[in-house]
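Peer 1: test case, fold it:
(one chain, ligands or ions: 5)
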Amino acid sequence: MCAFAVRVFLGILLCAPYQCLECPFGCECFAVTRTVKCVSKDLLTVPQSIPGYAKTVIITGNNIHRIGPHSFTELENVTNIILSNNRITEMSSDSFSALINLRFLDLSENQLALIHPQALSIPGSPLQELNLSRSLHNFTALTDLTTALRWGGLSGLLRLDLSGNQLTLLPPGMFSHLPDLQQLFLANNSLMAVYSGTFSGMSHLEMLDLTHNAFMTFSADGLQELKKLGNIRILLGDNPYTCSCEIRNFVAWLNESRAQVDVDAVKCASPRGFSDTWLRGLGVHALGCVVPVQAEVADLTLQTSYVFLGLVLGFVGMVFLFVLYLNRKGMKKWIIEMRDACQDILEGYHYRYEIDSDPRLGHISANNGGSMAQGHLGLALSQQLQSDTCIVQLPTDTQVKQLATSSTVNL
Ligand SMILES: *[C@@H]1O[C@H](CO)[C@@H](O)[C@H](O)[C@H]1NC(C)=O
Ligand SMILES: *[C@@H]1O[C@H](CO)[C@@H](O)[C@H](O)[C@H]1NC(C)=O
Ligand SMILES: *[C@@H]1O[C@H](CO)[C@@H](O)[C@H](O)[C@H]1NC(C)=O
Ligand SMILES: *[C@@H]1O[C@H](CO)[C@@H](O)[C@H](O)[C@H]1NC(C)=O
Ligand SMILES: *[C@@H]1O[C@H](CO)[C@@H](O)[C@H](O)[C@H]1NC(C)=O
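Peer 2: Numbering: from 1, shown residues only. Ligands and ions are numbered 1, 2, ... in the order given. Below you'll find the predicted structure:
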């Protein structure tokens with residue numbers, strides 16, 4: 001009892017009275033270093049009545065779910081706030097707008113799901129560094145953040161950390177309202193591609209960290225976008241690059257670029273034979289670009305040969321038509337003769353048919369071995385057939401089976 005009284009008395013005596021009164025419950029206040037620390041105290045809200053001299057406020061490891069518009073009252077001396085690891089899910093409008101000199105805001109390791117478009121706006125845009133590493137709950141939070149970056153008036157921001165947020169894609173122009181940004185950390189996400197417009201509007205960028213993502217290669221658009229950033233420091237290591245022919249443009253860029261790339265960490269992850277091979281310096285032969293090139297050539301040869309074949313056939317056809325044209329008179333004559341000959345044969349056949357169908361003549365032919373009928377028919381034909389071209393197959397029931405005349409038949 002006595003010891004307790006002494007302790008209380010000493011406590012009142014040792015700390016300056018206004019400090020002890022002003023330091024919020026669960027926090028430690030250090031007037032000399034102008035720091036307030038509220039660490040791992042299971043606080044549910046941001047403590048009120050933070051002393052006005054405070055420059056740095058550290059509130060970490062608590063259970064604060066929400067930052068409201070009145071969470072921070074006017075504190076002109078506060079420049080740094082660290083709110084990491086607090087399970088914050090929601091930031092409402094003007095969460096920090098009373099902190100008119102806030103330069104450094106660390107919101108890392110939270111679970112932000114709802115971010116008001118005005119959540120980050122502070123009059124005069126004092127904010128220079130924003131740490132949102134491992135703090136976005138899902139893709140909805142990313143779109144919220146994109147809006148907040150657009151409407152937050154963060155024109156003075158120099159450093160932005162968005163690492164470890166499982167980001168798969170970045171909305172185009174996401175950073176275009178951060179014209180002064182110098183360092184952008186996007187490490188440890190799941191980014192697979194850079195598109196044209198991804199980094200638009202950033203004219204002062206000095207460092208871009210894309211390590212530990214899911215890049216397998218960079219498209220022509222992506223490389224163009226990286227080129228636009230100029231000769232800045234670009235970290236591209238620890239991505240699962242696939243060293244097939246498709247990566248050759250990226251290799252060529254690595255070969256030539258004057259950007260400061262962490263080339264020692266830019267290695268192939270697959271195929272197996274290439275694992276841990278440095279990308280820079282790889283040749284097109286090593287990348288297996290030669291086989292597709294040969295296939296292309298073969299394809300081209302095939303196409304060429306088809307075209308050539310077509311031309312030859314066309315030429316032959318034209319020659320044929322031309323010859324026909326030159327011989328048009330002879331052809332006409334030939335066709336007419338042909339027609340006449342066939343007509344004659346048919347007439348002859350008709351005549352013979354009439355003979356055959358006459359029972360009296362059939363009787364005669366049967367008795368005289370057919371010689372009379374043959375002679376009769378031969379005579380009839382010899383009077384008319386002058387041509388040498390017509391071959392006619394006659395029915396087998398007749399006595400004259402075949403007539404092939406090569407010259408005038410004279411019996
Ligand atoms: C901020 O700090 C200055 C100088 O240290 C001091 O004079 C002023 O009172 C502080 N502001 C508040 C609100 O305490
Ligand atoms: C952001 O916070 C994380 C974790 O708190 C830390 O590891 C990282 O270094 C910070 N980023 C910057 C740019 O300081
Ligand atoms: C993100 O999380 C919030 C809150 O849990 C949820 O309402 C929203 O539907 C989620 N969005 C996506 C794309 O999963
Ligand atoms: C990447 O992020 C995941 C969770 O987002 C974490 O578990 C892992 O430790 C991080 N890795 C590195 C190398 O930062
Ligand atoms: C990269 O450079 C090396 C020589 O430094 C060269 O052999 C290789 O063909 C280049 N690769 C590409 C894809 O241009």
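
Peer 1: from what I see, Leu324 and Met331 are in contact.
Peer 2: Yes - contact status for Leu324 versus Met331: in contact at 6.7 Å, counting by CB atoms under 8 Å. For the C-beta atoms, the positions are set from N, CA and C on the backbone; glycine is no exception.

Peer 1: looking at those two, which is more packed in?
Peer 2: Using other CB atoms under 10 Å, the more surrounded residue of Leu324 and Met331 is Met331, with 13 against 10.

Peer 1: now the helix or strand encompassing that one: average pLDDT?
Peer 2: Per DSSP states H and E: Met331 is located in helix 328-357. Helix 328-357 shows a mean pLDDT of 70.

Peer 1: before we move on, what about stretch 136-152?
Peer 2: For stretch 136-152, mean pLDDT rounds to 93.

Peer 1: contact partners for Cys27?
Peer 2: 36-38, 41, 47, 50, 59 (CB atoms under 8 Å, 6 or more residues apart in numbering).

Peer 1: do Gly314 as well
Peer 2: With contact set as CB under 8 Å, 6+ apart, Gly314 has no partners.

Peer 1: and it, how far is that from Tyr306?
Peer 2: Distance check for Gly314 against Tyr306: by CB to CB, to the nearest Å, it reads 13 Å.

Peer 1: equivalent analysis for Pro69, please.
Peer 2: Distance, Pro69 to Tyr306, using CB to CB: 74 Å.

Peer 1: name the nearest of the contacts of Cys27 relative to ligand 5.
Peer 2: Nearest to ligand 5 among the contacts of Cys27 is Ile59, at 51.2 Å by CB to the nearest ligand atom.

Peer 1: are we agreed that that closest one is in a strand?
Peer 2: Yes - secondary structure of Ile59 (DSSP: H, G, I helix; E, B strand; the rest coil): part of a strand.

Peer 1: and stretch 130-149, anywhere near ligand 2?
Peer 2: Yes - Stretch 130-149 reaches ligand 2 (CB under 6 Å from any ligand atom) through 131, 133.

Peer 1: mind exporting that stretch as PDB, just the C-alpha atoms?
Peer 2: C-alpha atoms of stretch 130-149 as PDB (Å, rounded to 0.1, in the frame of the first residue of the first chain):
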ATOM      1  CA  LEU A 130       2.700   6.600 -49.100                       C
ATOM      2  CA  ASN A 131       3.300   3.000 -48.100                       C
ATOM      3  CA  LEU A 132       0.500   0.600 -49.100                       C
ATOM      4  CA  SER A 133       2.600  -2.500 -49.100                       C
ATOM      5  CA  ARG A 134       0.400  -5.600 -48.300                       C
ATOM      6  CA  SER A 135      -2.500  -3.400 -47.500                       C
ATOM      7  CA  LEU A 136      -5.100  -3.900 -50.300                       C
ATOM      8  CA  HIS A 137      -7.700  -6.600 -49.600                       C
ATOM      9  CA  ASN A 138      -8.700  -7.300 -53.200                       C
ATOM     10  CA  PHE A 139      -9.100  -5.900 -56.700                       C
ATOM     11  CA  THR A 140     -12.000  -3.700 -55.700                       C
ATOM     12  CA  ALA A 141      -9.700  -2.000 -53.300                       C
ATOM     13  CA  LEU A 142      -7.300  -1.400 -56.100                       C
ATOM     14  CA  THR A 143      -9.900   0.400 -58.200                       C
ATOM     15  CA  ASP A 144     -10.900   2.400 -55.100                       C
ATOM     16  CA  LEU A 145      -7.300   3.400 -54.700                       C
ATOM     17  CA  THR A 146      -6.900   4.300 -58.300                       C
ATOM     18  CA  THR A 147      -9.800   6.800 -57.800                       C
ATOM     19  CA  ALA A 148      -8.300   8.100 -54.600                       C
ATOM     20  CA  LEU A 149      -5.000   8.700 -56.300                       C
END
